[in-house]
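Asker: Got a predicted model here, sequence first, then my questions.
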Amino acid sequence: MNFFFRSPAYLTAAVAFGVGALGTRTLAQSPAPDSAPYSVQEIVMPKGVAPEIGGLDFTPSGKLVVLTRRSGVQMAKPSKDPAQFQWQTFSDQSLHNANGLLALSDREILVSQMPELTRLTDTDNDGVADSYTCVAPWNLSGAYHEVTAGPVPDGKGGYYVALNTASYAGFTMQHTRGTFSAVGRRGRNFSSVPYRGWIMHVDATGKVEPWAKGFRSPNGIGIDPQGRVWVTDNQGDFRTTNPLYHVEKGKFYGHPSSLVWDPDFTKEDPLRDPLKEPMADLDAARTHAAVEFPYGFSRSPAQPLVDTTGGKFGPFAGQMLVADSAAPRILRVMLEQIDGVWQGACADFYSGNGLRNGSNRMVFSPEGTELYVGQTMREWAGAMEGLQRIVFHGTRVFEVLAMRLQADGFEVEFTQPMDTGSAEKPEAFETETYRYEYLSGYGGPEADKKALPPSQVRWSNDRRKVRLTYGPITAGRVYRITIHGAASQNQALGHTMVAYTANKILP
C-alpha cells in the first residue's frame, strides 16, 4: 500500500468492504498480557512533541534516539518506568519528511530526509545539533510519496538507502531536482526523476551509486549480521502482495517504472517505455521475493530487523521481525537458503494487546530484552503515532520455531515439545496452497488456491518437530498451515498460522 494517510471517507469504505480480504484469513491474536511472555509498554514522550516516528536507534553509550516527522530529534536514557524518560531535544528542526535514522554517537546522527542523507552534529558538546551537512542528495519530482528508508551501514563506512517511487495521487512540480522523464512520469507509481524506485549505495566518500532497481514503496530496509541487504515493499501496482526481498547489486525486483533510469534498458532506445514491455519479459527478468506475506499477515510492511540479542528476547535469535505500519502487528520471518535462493516462512510474532497500528521503525534495547517500536500516522489504514516497547518477561514461549522445506513436504519445529496425543492426525494441520500471479494492476488474489491435507504426520522422539508429508512440493507457491489443537504442558500454541514461500524445491 502507499505510504501516506488517506481520507476518512476512504477508511470508512475500507472497513465496510474489507480492504485486504483478497482470499485472506484473520490471524490469531497474541495471548492475553497476563499470561503472555511479552507485553507492551507505552513510552511517554515530552509534552508538545508529536510522536510520528520515522527512525529509532541507540547510541553506543545507550541513549535512545527518536526521529520524528514534525518535532525534530529527541534523546533519552531509557528508564524502567516508561513514563519517566528524561528527554532532551537534540534537534528542534522538523526536517523534510524524515523517515530514517542511524545514531553514530551521542553527538552525531544520520537522518534520511526526502531530498538527502543529512549528518546532524553537536560540534560544541552542548547536547544540541548545530551542524547540518548533506552527505548525499537524491532527486525529487515534488511528489509527496518520494520518501526515503534507511540508512543502513554497509560495514565499510558507507550506507544503503531505499527510494520510493512517486504516486499518481500527487502532483509533479514544474521544476524538478534531477532530469525529468516524461516516459517515467507514466503509471500509477512512477519514476520521473532518477533514481526513484531504486536501492542506492553511498560509499564512505559520499559517492552515490544506483545499486538495485524495481521497487515501488520500499518503506523498510535492513542489513543482517552477514552484510546481506533486505528490503520490504508494499502491495500495489506490479505488487500482488507484500514482499520481503534479499537484494543484490544490479538485479531487478519487478516494479518496471524505475527501468527508465537503467542504461542497459534504454541503451538502444532512450525513450523505451517499461510499461509497454510484455509482462512475460518483465516476469522473466525479475528476482522473486524471498517471502511473500499473505495479505492477512501483513498489510503494509515496514522495517525488517534481525534478532541479534542472542536469545535475550526469547527463542527467536537470528530470525527477522518485520513491522507493519497498517495493522497492530509485528511479523516473524524464518528464512532458509535452497540451492542459493532465499525463501522461508512467516508467522505472527505479536498482534493487538496494546500494540497500535502504524508500526514503522524498531530497535532492540542494548540489554536485548526490549523491542522499541515507533509508529507513524503517515499511512493509509487508520494508523496512529507514538512510541512503545515490547518487553520480554523471560517466561515460557510456545510457538512455531521454524518451517523447513522437504522434498515431499515440510518439517515444522516448535519452541517446546508437543503434548503426547496433541496434533497427531492430519486434520490438525489444515493446509492450503496458492500462488501470486505477477500482475500490473493494484494487488491481486491468492490464485489457484486449493486445500492440501498432509497424507502423513510423523513426530520426532522429543516431540519438538513434526514431519508433514504432502507429495511433491511445487515451486512458485505459498503453503499456509493452520495448526489445530496444539498444546505443550497444556499451554496452547501462541500463534497457529505459518506460511512458507517455495521459490525452489528439493529433488
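Answerer: It's in. Residues are numbered from 1 along each chain as shown.
Asker: Only C-alpha atoms from now on, for both contacts and neighbour counts.
Answerer: Will do.
Asker: low-confidence ranges in this protein?
Answerer: Counting by pLDDT under 70, the chain has low-confidence residues at 1-35, 379-383.
Asker: And it, what are its domain boundaries?
Answerer: In terms of domains, the chain is parsed into 8-392, 400-502 (source: automatic domain parsing).
Asker: Could I get the full set of strands for the stretch 201-350 of the chain?
Answerer: When assigned using DSSP state E, counting those that start in this stretch, the strands of the stretch 201-350 of the chain occupy the ranges 208-213, 220-223, 229-232, 242-247, 291-293, 301-306, 320-324, 329-338, 341-351.
Asker: who's in contact with the following helix or strand past the longest one?
Answerer: Yep, that's strand 341-351 we're talking about. Where DSSP states H and E defines the elements, the next helix or strand beyond strand 341-351 is strand 359-364. Counting by Cα atoms under 8 Å, 6 or more residues apart in numbering, the neighbours of strand 359-364 from elsewhere in the structure are 53-58, 302-303, 305, 309, 323-330, 370-376.
Asker: Quick check: neighbours of strand 359-364 in the sheet, parallel or antiparallel?
Answerer: For strand 359-364, the paired strands and their directions (DSSP bridges) are strand 370-375 (antiparallel).
Asker: Return the alpha-carbon coordinates of the partner strand using CSV.
Answerer: The C-alpha trace of strand 370-375 is given here as CSV (Å, rounded to 0.1, in the frame of the first residue of the first chain):
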residue,chain,number,x,y,z
GLU,A,370,13.1,-5.0,25.0
LEU,A,371,12.0,-4.0,21.5
TYR,A,372,11.2,-0.3,20.9
VAL,A,373,8.5,0.3,18.3
GLY,A,374,7.8,3.7,16.7
GLN,A,375,4.5,4.4,15.0
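Asker: Just say which of the domains of the chain is most tucked in.
Answerer: Comparing the domains of the chain on average neighbours per residue, with mean count of other Cα atoms under 10 Å, the densest one is domain 8-392 at a mean of 20.
Asker: and whatever helix or strand residue 482 lives in, what other elements does it pack with?
Answerer: Secondary structure here is read from DSSP H and E; on that basis residue 482 sits in strand 477-483. With contacts defined as 3 or more Cα pairs under 8 Å, 6 or more residues apart in numbering; DSSP states H and E, the packing partners of strand 477-483 are strand 429-435, strand 497-502.
Asker: Quick one: the strands in the stretch 401-507 of the chain, in order.
Answerer: Secondary structure of the stretch 401-507 of the chain (DSSP E, counting those that start in this stretch): strands located at 409-414, 429-435, 447-451, 456-459, 465-469, 477-483, 487-488, 491-492, 497-502.
Asker: which residues are contacting the second one?
Answerer: When you say that, I think you mean strand 429-435. Counting by Cα under 8 Å, 6+ apart, strand 429-435 makes contact with 423, 446-454, 476-484, all of which sit outside it.
Asker: The same query, at a cut-off of 10 Å, please.
Answerer: Residues from elsewhere that reach strand 429-435, judged by Cα atoms under 10 Å, 6 or more residues apart in numbering: 292, 423, 445-454, 457, 468, 470, 473-486, 496-502.
Asker: Can you tell me the strand partners of it and which way each runs?
Answerer: If you go by DSSP bridges, strand 429-435 pairs up with strand 447-451 (antiparallel), strand 477-483 (antiparallel).
Asker: quick one: which of those strands is nearest residue 69?
Answerer: Relative to residue 69, the nearest member of the strands paired with strand 429-435 by Cα to Cα is strand 477-483, separated by 36.8 Å.
Asker: in the chain, which spans are helices?
Answerer: With helices called from DSSP state H, the chain shows them at 8-17, 263-266, 279-285.
Asker: on that earlier part again, out of the strands paired with strand 429-435, flag the one nearest residue 210.
Answerer: Of all the strands paired with strand 429-435, it is strand 477-483 that lies closest to residue 210, at 31.1 Å by Cα to Cα.
Asker: That closest one to strand 341-351, inter-axis angle?
Answerer: Angle, strand 477-483 to strand 341-351, by axes from the mean of the first three to the mean of the last three Cα atoms, to 10 degrees: 30 degrees.
Asker: Just the angle for strand 477-483 relative to strand 497-502, thanks.
Answerer: Taking the same axes, to 10 degrees, one finds that strand 477-483 is oriented at 160 degrees with respect to strand 497-502.
Asker: from the middle of its chain, how far away would strand 477-483 be?
Answerer: On the basis of Cα atoms, centre = their mean, to the nearest Å, the separation between the geometric centre of strand 477-483 and that of its chain is 20 Å.
Asker: by how many degrees do it and strand 409-414 diverge?
Answerer: Going by the same axes, to 10 degrees, strand 477-483 makes 40 degrees with strand 409-414.
Asker: let's have the chain start at 50 instead
Answerer: I'll keep to 50 as the first residue from here, and by that count the last item is strand 526-532.
Asker: then strand 526-532 to CSV, C-alphas only?
Answerer: Included here for strand 526-532 are C-alpha records, laid out as CSV according to Å, rounded to 0.1, in the frame of the first residue of the first chain:
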residue,chain,number,x,y,z
ARG,A,526,3.6,-21.4,-4.5
VAL,A,527,2.8,-20.4,-0.9
TYR,A,528,1.9,-23.2,1.6
ARG,A,529,-0.1,-22.0,4.5
ILE,A,530,-0.7,-24.2,7.6
THR,A,531,-3.2,-23.6,10.3
ILE,A,532,-2.5,-25.8,13.3
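Asker: sorry, back to before: CSV please, covering the helices and strands packed on strand 526-532 and showing distance to residue 273.
Answerer: What follows is these, written out as CSV (distance: least, Cα to Cα, whole Å):
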stretch, distance to residue 273
strand 478-484, 28
strand 546-551, 20
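Asker: closest to residue 90 out of those?
Answerer: Across these, residue 90 has its closest neighbour in strand 546-551 (25.8 Å, Cα to Cα).
Asker: Cool, thanks, signing off.
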